[in-house]
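**Q** Provided below for reference: sequence and predicted model.
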Amino acid sequence: MNLEQTIAVKVPHIKIKPPGPKARQIIDLDHRYTAPAYKRVYPLVVKEGRGMVIEDVDGNLFLDFTAGIAVAATGHSHPQVIRAIEEQAHKFLHFCGSDFYYEPMARLAEKLSQLAPGPSAKKVFLTNSGTEAVEAALKLARYHTRRHHVIAFLGSFHGRTLGSLSLTASRASHRAHFTPLIPDVHHVAYGYCHRCPYNLTYGPCAIECVQYIEKVLFRHEVAPEEVAAIFVEPIQGEGGYVVPPPEYLPMIKDLCARHGILLVADEIQTGFGRTGKMFACEHWGVEPDIICAAKGIASGLPLGAMIARSEISTWRPGTHGSTFGGNPVACAAALATIELLEGGLVENAAEVGRYLKERLDRLKAEFPVISDVRGLGLMIGVELAKADHARTPDPELRDRVIQEAFAKGLLLLGCGESTTRFSPPLIVREEEAQTAVEIFAATLEELTPIRRIGSGLTS
């Protein structure tokens, strides 16, 4: 029986408590031979995936609200994407786009240039991953401006290679023992209104988190004319699915324009329909100078992109390159993915995302441990906190909730200090969103001592 036949069963469906015997064998093998740097969340051993459903090697069926960390935008193994991959694979698998030409790479660059926010003409550099896109953006920003300093934000995640890691500041553990990193990187607090780093209130604060850059950083640490770029996630991903106040990105864009600084938007997690628009910057009408993209771009094949305004893409041939970046099979998958996104999946992300957020918002009245529900489209975070006066983040509870949800057949991930993220494939339907909320609520009811106040789960 294949997965298409088995998913006729109600999903999720746990027939044997994971990890089952087959899963344990593979986990033991993995532990014996793979590097201990990998941090696995729970003992899921995937056999097959279709749409919203993951089957493990022991026959359990899980409802996937991770999308492989926001990668499987069109769901798992979408037939149209698979068909594009197969057609290209029959032609040729590789022929280094840094040295030669082929149509899938040119067509994808054209499409990405057209999709990127704003009226400016764009140039595209294709990579294998998000961290490589960030590295390319960092190099281009320094090359074009002839400046060396860059600004990033506390809570940000831009990758783990040494350049991108120098920008990353979501957890100290990511950076531990890898110093010295690249110099001249400055971090400031992000626009996190739920836990304002300045202990201010939105409105009267006048967006102090942006004003700080000019009032403090430029006065005491680095002159603005030495800053090449500001790297910012329109919505912080690993930092906790934090949506900044509406004035935030436009104010950063204005600050950059005044000082000749490039605005680099890290849309690696927020891009390709995840927030209900093709790129999250569109929610605030901001055109970045450079966009870094990856994750959902090719429905699971390794691909990233740096999209820069043509007038700043001034580097000469040979200045940067990649053997595998822009692989023709990955480009074909990306073109098929974009066709599906434009064909209705971005709109579905907006619509089902609103539905999911409303259902999760209702749980706040029932469970005092929920301190915040935030997000746009299908990028939604539920922050859990202790029931004390300070609403202290509760990462232990968050981790227990994720583990128990897994045992019940719902795949979730954490982010930030104590946030659970809901980031399903963009094909998700309202019924599946409702199922996820019900499992999440049942898990909270089991793990928290305070009883639910009302049902709140009925439509």
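**A** Thanks, I have the structure now.
**Q** all the helices of the stretch 151-300 of the chain, in order from the start?
**A** Read by DSSP state H, counting those that start in this stretch, the stretch 151-300 of the chain holds these helices, from start to end of the chain: 162-167, 172-175, 208-212, 218-220, 248-259.
**Q** name the element Ile54 belongs to?
**A** Secondary structure assignment for Ile54, by DSSP states H and E: strand 53-56.
**Q** average model confidence for that strand?
**A** Taken as a whole, strand 53-56 has an average pLDDT of 98.
**Q** same question for stretch 350-359.
**A** In the prediction, stretch 350-359 has an average pLDDT of 98.
**Q** could you export that stretch as PDB, CA atoms only?
**A** Presented in PDB, the C-alpha positions along stretch 350-359 are these (Å, rounded to 0.1, in the frame of the first residue of the first chain):
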ATOM      1  CA  ALA A 350      -3.400  34.600   3.200                       C
ATOM      2  CA  GLU A 351      -6.900  33.200   3.600                       C
ATOM      3  CA  VAL A 352      -6.100  30.000   5.600                       C
ATOM      4  CA  GLY A 353      -3.500  32.000   7.500                       C
ATOM      5  CA  ARG A 354      -6.200  34.400   8.700                       C
ATOM      6  CA  TYR A 355      -8.400  31.500   9.700                       C
ATOM      7  CA  LEU A 356      -5.600  29.700  11.500                       C
ATOM      8  CA  LYS A 357      -4.600  32.900  13.400                       C
ATOM      9  CA  GLU A 358      -8.200  33.600  14.400                       C
ATOM     10  CA  ARG A 359      -8.500  30.000  15.800                       C
END
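**Q** so how far is it off the chain centroid?
**A** Between the centre of stretch 350-359 and the centre of its host chain there is 18 Å, according to CA atoms, centre = their mean, to the nearest Å.
**Q** picking up where we left off before, most neighbours per residue, which of the helices of the stretch 151-300 of the chain?
**A** With neighbours defined by mean count of other CB atoms under 10 Å, none of the helices of the stretch 151-300 of the chain is more surrounded on average than helix 162-167, at a mean of 23. Bear in mind the C-beta positions are built from the backbone N, C-alpha and C, glycine included.
**Q** related to what we said a few turns ago, what strands line up against the strand holding Ile54, and which way round?
**A** Each strand pairing with strand 53-56, determined using DSSP bridges, is listed with its direction: strand 46-50 (antiparallel), strand 61-64 (antiparallel).
**Q** buried residues in the first one?
**A** Right, the one you point to is strand 46-50. Glu48, Gly49, Arg50 (16 or more other CB atoms under 10 Å).
**Q** contacts only, for the second one.
**A** Contact partners of Gly49, counting by CB atoms under 8 Å, 6 or more residues apart in numbering, are Leu3, Glu55, Asp64, Ala72, His76, Ser77.
**Q** distance of it from Gly300?
**A** Remark: distance between Gly49 and Gly300 (CB to CB, to the nearest Å) = 9 Å.
**Q** what do these two both touch?
**A** Common neighbours of Gly49 and Gly300, using CB under 8 Å, 6+ apart, are Ala72, His76.
**Q** the helix or strand where Leu335 lies packs against which elements?
**A** Assigning secondary structure by DSSP H and E places Leu335 in helix 328-340. Using 3 or more CB pairs under 8 Å, 6 or more residues apart in numbering; DSSP states H and E as the contact test, the elements touching helix 328-340 are helix 79-91, helix 103-115.
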